[in-house]
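> One predicted model, sequence on top.
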Amino acid sequence: MTDASIAAAYDERAAEYIEIAGEIAQMDAADRERISTWRDASSGRLLDAGCGPGIWTEFLHDGHRDVVGVDISAAFLAAARFRAPGLVFQRASLRALPFEDASLGGILAWYSVIHTPPEDVPAILAEFARVLAPGGSLLLGYFEGPPREDFAHAVAPAYFWSADALSALLADAGLAVVSTERRDRVPGEVSHRPHGALTARRL
């Protein structure tokens, strides 16, 4: 899918999405713990890449952190600005981030590349590497499954990934994986598909 088609799909269903996954309390406690630990271990400006309605952007800010959110959905950005009027949100593609080289300390990409055609993911990872400062950290969340296999996501077609497959692409981009996790979902979570996440550091 193109950025335009993904944006249109989320714009059309933004209200529905926000109803079921638009509050931090609706996120799994394990995710909140993982992201808060990553945030507190990261320094410098943070980017919420594919920020949606801004729940994780606000969580990353935590009252004092310098954080910016970017997304391609105008409806999501409107919701994010309403939620957190004191934070910065920009409309931008992950393929061309509006930041200088080595200007960010950390990037949260929480399920942000799931709709990206697999052949386009390396370019986005390279863009993440470009804007991360040396030693900067990327926390990437994804659906765990057969790498590059597509599935029928509720909003738009999406793709499974594995830690091994992503680690190889990250290495090509100059990012070294330092930790990975996988877990099955439990009743009551927003999604039923297995969760994967990894942390990588800019070399």
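Everything's here; your move.
> how about the nearest residue to A80, chain neighbours excluded?
Leaving aside its chain neighbours, A80 sits nearest to G54 (2.9 Å; criterion: C-beta to C-beta, 6 or more residues apart in numbering). C-beta coordinates here come from the backbone N, C-alpha and C atoms, glycine included.
> show me what contacts that neighbour?
Going by C-beta atoms under 8 Å, 6 or more residues apart in numbering, G54 touches D48, G69, F76, A79, A80, R81, R83, A84, L87, F89.
> Adding distance to D31, write the residues you listed out as JSON lines.
Conversion of these to JSON lines gives the following (distance: C-beta to C-beta, whole Å):
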{"residue": "D48", "distance to D31": "14"}
{"residue": "G69", "distance to D31": "17"}
{"residue": "F76", "distance to D31": "19"}
{"residue": "A79", "distance to D31": "20"}
{"residue": "A80", "distance to D31": "18"}
{"residue": "R81", "distance to D31": "23"}
{"residue": "R83", "distance to D31": "18"}
{"residue": "A84", "distance to D31": "19"}
{"residue": "L87", "distance to D31": "20"}
{"residue": "F89", "distance to D31": "21"}
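> hmm, who's touching stretch 196-203?
Everything outside stretch 196-203 that qualifies as a contact, by C-beta under 8 Å, 6+ apart, is 34, 38, 129, 132-144, 161-163, 166-167, 170, 174-182.
> just checking, which of those residues belong to strands?
Judged by DSSP state E, these include 132-143, 175-182 as members of strands.
> Please check those residues and keep the buried ones.
132-133, 136-143, 175, 177, 180 (16 or more other C-beta atoms under 10 Å).
> from those residues, which is closest to A9?
For those, the closest approach to A9 (C-beta to C-beta) belongs to F143, at 16.8 Å.
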